[in-house]
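S.K.: how would this look folded up:
(4 chains)
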Number of protein chains: 2
Amino acid sequence: MARISDVIEVFLKELISDSKNRTIEIQRNELAKYFDCSPSQINYVLTTRFDYVHGYYIESQRGGGGYIKIKKLTMDHRDGIYAILLKEIANGITKMKGNKLIVSLQERGVISEREAKIMKAAIDDTAIISPLNIKDEIRANILKNMLAAVLG
Amino acid sequence: MARISDVIEVFLKELISDSKNRTIEIQRNELAKYFDCSPSQINYVLTTRFDYVHGYYIESQRGGGGYIKIKKLTMDHRDGIYAILLKEIANGITKMKGNKLIVSLQERGVISEREAKIMKAAIDDTAIISPLNIKDEIRANILKNMLAAVLG
DNA sequence: AAATAAAAGTCAAAGAAGGTCAAATTATTT
DNA sequence: AAATAATTTGACCTTCTTTGACTTTTATTT
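M.R.: Numbers count the residues shown, from 1 in each chain, chains lettered A, B, ... in the order given. The predicted model follows:
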């Protein structure tokens, strides 16, 4: 049941939304002790849920008095995201990657939940019946077209 | 002799009708163990009886703490539209017809302007690179998938 | 300045799910 | 009875999470 990673994710997001400046500072080992998990688990959560694509920025310092600072990017940090996404999609993208990308846009509030649903449905494997080798290419085209419709 | 697939189908449908939100979350291996069948049997039941044509929507997650979520689509007042769409789109639809359909849905207030834009972008010819003869079929699939996502 | 302590980072292996596909079997139609 | 369709099974695949040993960086003591 409930993955510890998800619990930590929710915890951090709550901290952030309660904070001034959408920025928090944590200590990795403290947090790990609090959730009774290994310290590297914290890194796992950060890299899978708080990276740039998800709309967060991270800064850290080692050594005594070290910390990890997590900052939630706002919309004005968003310009450029479109170009980055296009590059990421390039000439082909798997369904998994595409889905993650869509979720990250939703999390940033760029698209609504319904819009995310529509996009996911559009790039689903069941829809794109074609030889495997060009499936990802078609998916990439569809995704790029949809993004252009909303962001472009 | 009751087919195990039918038994599982009934079981799941009961769970759903007992649930809040017409949504349930199961674990594939648990369920398979419970019915003493192979895990892939569960997938078989899902793909043959719980796809969007049957009015269901499925979401899943692998890895530790993984699950399968089954949601029954609500078709309330849009019920008629849903049926018409399935029949009208059927196994193939041209870009022209698809666009008209989308516009009419927008006019009826079933989807927003942005959603219409996204959908049109998804079924555009520039996205679907494939032999002409199956182009309309792929387009139909994409469109059906998207509509099912919205009606859910 | 060197040694020590106190952080955080990395990476790979193990574990925990769910997914796919095709062969074998069983039911249903013709 | 033969042909076709639906179901069952199992071997193998992919994704995601957890854990832990080892590394690197920085601050504090000696």
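
S.K.: residue ranges with poor pLDDT in chain A?
M.R.: Across chain A, the ranges flagged by pLDDT under 70 are A:1, A:75-79.

S.K.: max-length helix in it?
M.R.: helix A:132-151 (DSSP state H).

S.K.: packing partners of it?
M.R.: helix A:81-89, helix A:95-107, helix A:113-122, helix B:113-122 (3 or more C-beta pairs under 8 Å, 6 or more residues apart in numbering or on different chains; DSSP states H and E). Bear in mind the C-beta positions are built from the backbone N, C-alpha and C, glycine included.

S.K.: the shortest one packs against which elements?
M.R.: In this structure, helix A:81-89 packs against helix A:95-107, helix A:132-151, with contacts taken as 3+ C-beta pairs under 8 Å, 6+ apart.

S.K.: quick one: buried residues of the longest one?
M.R.: Of the residues in helix A:132-151, those scored as buried under the neighbour-count criterion (16 or more other C-beta atoms under 10 Å in any protein chain shown) are A:135-147, A:149-150.

S.K.: quick check, it touching DNA strand D?
M.R.: No: applying C-beta under 7 Å from any atom of the strand, one finds helix A:132-151 out of contact with DNA strand D, separated by at least 11.0 Å.

S.K.: ok, and what's touching that helix?
M.R.: A:81-82, A:85-86, A:89-95, A:98, A:101, A:110-111, A:115, A:119, A:122-123, A:125, A:128, A:130, B:114, B:117-118, B:120-122, B:124, B:126-130, B:138, B:142 (C-beta atoms under 8 Å, 6 or more residues apart in numbering or on different chains).

S.K.: and the buried ones among these, selectable in PyMOL?
M.R.: Those of those that count as buried under 16+ other C-beta under 10 Å are selected in PyMOL with:
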select buried, (chain A and resi 81+85+86+89+93+95+98+101+110+111+115+119+122+123+128+130) or (chain B and resi 114+117+118+120+121+122+124+127+128+130+138+142)
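
S.K.: stretch A:121-128 and DNA strand D, are they touching?
M.R.: No: for stretch A:121-128, no contact with DNA strand D is found by C-beta under 7 Å from any atom of the strand; the gap never falls below 11.5 Å.

S.K.: redo the helices and strands packed on helix A:132-151 as JSON lines? Include distance to DNA strand C.
M.R.: Formatted as JSON lines, these follow (distance: least, C-beta to the nearest atom of the strand, whole Å):
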{"stretch": "helix A:81-89", "distance to DNA strand C": "20"}
{"stretch": "helix A:95-107", "distance to DNA strand C": "8"}
{"stretch": "helix A:113-122", "distance to DNA strand C": "14"}
{"stretch": "helix B:113-122", "distance to DNA strand C": "20"}
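
S.K.: among those, which comes closest to A:Ala32?
M.R.: Among the helices and strands packed on helix A:132-151, helix A:95-107 comes nearest to A:Ala32, with 24.3 Å by C-beta to C-beta.

S.K.: what sits against A:Arg3?
M.R.: B:64-65.

S.K.: got the phi and psi for it?
M.R.: phi -70, psi 140 (degrees, to the nearest 10).

S.K.: if we ignore the residues flanking it in sequence, what's nearest A:Ala90?
M.R.: A:Ala140 (6.7 Å; C-beta to C-beta, 6 or more residues apart in numbering or on different chains).

S.K.: so how far is DNA strand C from the one you found?
M.R.: Taking C-beta to the nearest atom of the strand, to the nearest Å as the measure, A:Ala140 falls 18 Å from DNA strand C.

S.K.: name the SS class of A:Asp124, please.
M.R.: coil (DSSP: H, G, I helix; E, B strand; the rest coil).

S.K.: does it really touch A:Met96, like I thought?
M.R.: No: counting by C-beta atoms under 8 Å, A:Met96 is not a contact partner of A:Asp124; they are 11.4 Å apart.

S.K.: distance check, A:Ile128 against A:Asn141.
M.R.: 10 Å (C-beta to C-beta, to the nearest Å).

S.K.: how about CSV for the helices and strands packed on helix A:132-151, with distance to B:Ala32 added?
M.R.: Shown next, in CSV, are the helices and strands packed on helix A:132-151 (distance: least, C-beta to C-beta, whole Å):
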stretch, distance to B:Ala32
helix A:81-89, 36
helix A:95-107, 24
helix A:113-122, 26
helix B:113-122, 35
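
S.K.: could you chop chain A up by domain?
M.R.: Following automatic domain parsing, one finds the domains of chain A at A:4-72, A:75-151.

S.K.: how close does A:Ala121 sit to B:Asn91?
M.R.: 18 Å.
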